[in-house]
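Asks: could you work out the structure for the sequence below:
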Amino acid sequence: GRPDPRDAATVIGAIRRGVELVHGERCGALVTAPIAKAPLMAAGFPHPGHTEYLGALAGELWGAPARAVMLLWSEEVAVVPVTVHVPLRAAPDLLTEDEIVETGRVLVRDLRRRFRLEAPRIAVAGLNPHAGEDGKLGHEDEAIVAPAVRRLQAEGVAATGPHPADTLFHAAARARYDAALCMYHDQALIPVKTLAFDRAVNVTLGLPFVRTSPDHGTAFDIAGTGAGNPESLAAALELAARLSAEPVAP
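Replies: Numbers count the residues shown, from 1 in each chain. Sure, this is the predicted structure:
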């Protein structure tokens, strides 16, 4: 239960080896366990997390740039954060119209190709309370989020928003969309972990292969106690098998 930067090379090497096995068609999908980011970074790991490293490996091995996007999927709700592993203070400055549009494009493409949804419905959350309240609670929703939604709509995407995030995740609201595109990490992950903590799966979109992972962290605090719950890992294995069982849809 005590992470050690000296283990970083082994952890990083295991991830690379897994991607190499998929690239060599010796495996059909990659399922990863949680990693501890702090000791990896202490050892010089340049990526903020698994998702970004997998995108870099995909570009290296497949020879084409990959925009890796983090989807948290469950039967109850599916969410994607536009800004991910950055301090909350930095998220608004990193949020751009292009980032929202590009993330939305990857989300829609893979919902079609891998999840077989012909016309995915995307609900886009606002950044500010009440989605900015017509500019009274911040201008980002009017100036950045709304134009991005309009661009996605112009491309034929069934996108709506920006919606106030505090009313986007109750049962009636969830019935109106297939995935929620959120503006920052906790806005996306709090609802999915509240509704489906033991069943949600982290799926990396935008890669030339299927990758899933449990939606939780390393849980060092319960290491060795026997209290760990394997349900999310089992769900990750099951979803990876499902997504890789058939050829990718055009």
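
Asks: use CA for all of it now, contacts and neighbours both
Replies: Fine.

Asks: helices along the chain, start to end?
Replies: 8-23, 37-42, 50-62, 91-94, 97-113, 140, 146-154, 171-174, 185-196, 231-244 (DSSP state H).

Asks: got these as TSV, with mean pLDDT, distance to Phe209 and mean neighbour count columns?
Replies: Listed next are those as TSV, based on pLDDT from 0 to 100; distance: least, Cα to Cα, whole Å; neighbours: other Cα atoms under 10 Å:
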stretch	mean pLDDT	distance to Phe209	mean neighbour count
helix 8-23	94	7	16
helix 37-42	86	23	17
helix 50-62	92	9	18
helix 91-94	96	27	14
helix 97-113	97	11	19
helix 140	96	34	20
helix 146-154	98	25	18
helix 171-174	97	28	12
helix 185-196	96	23	18
helix 231-244	95	8	19
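
Asks: how about those, which one is nearest Glu75?
Replies: Counting by Cα to Cα, Glu75 lies closest to helix 185-196 out of the helices of the chain; the figure is 8.1 Å.

Asks: could you dump the helices of the chain to JSON lines with distance to Pro120?
Replies: JSON lines is the format used below for those (distance: least, Cα to Cα, whole Å):
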{"stretch": "helix 8-23", "distance to Pro120": "28"}
{"stretch": "helix 37-42", "distance to Pro120": "33"}
{"stretch": "helix 50-62", "distance to Pro120": "23"}
{"stretch": "helix 91-94", "distance to Pro120": "26"}
{"stretch": "helix 97-113", "distance to Pro120": "6"}
{"stretch": "helix 140", "distance to Pro120": "25"}
{"stretch": "helix 146-154", "distance to Pro120": "12"}
{"stretch": "helix 171-174", "distance to Pro120": "13"}
{"stretch": "helix 185-196", "distance to Pro120": "18"}
{"stretch": "helix 231-244", "distance to Pro120": "16"}
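
Asks: ok, the residue nearest the centre of the chain - contacts?
Replies: Taking Cα atoms, centre = their mean, the centroid of the chain lies closest to Met70, which sits 1.5 Å from it. When the contact criterion is Cα atoms under 8 Å, 6 or more residues apart in numbering, the partners of Met70 are 51, 80-81, 202-205.

Asks: look up how far Ala245 lies from it.
Replies: Met70 sits 21 Å away from Ala245, going by Cα to Cα, to the nearest Å.
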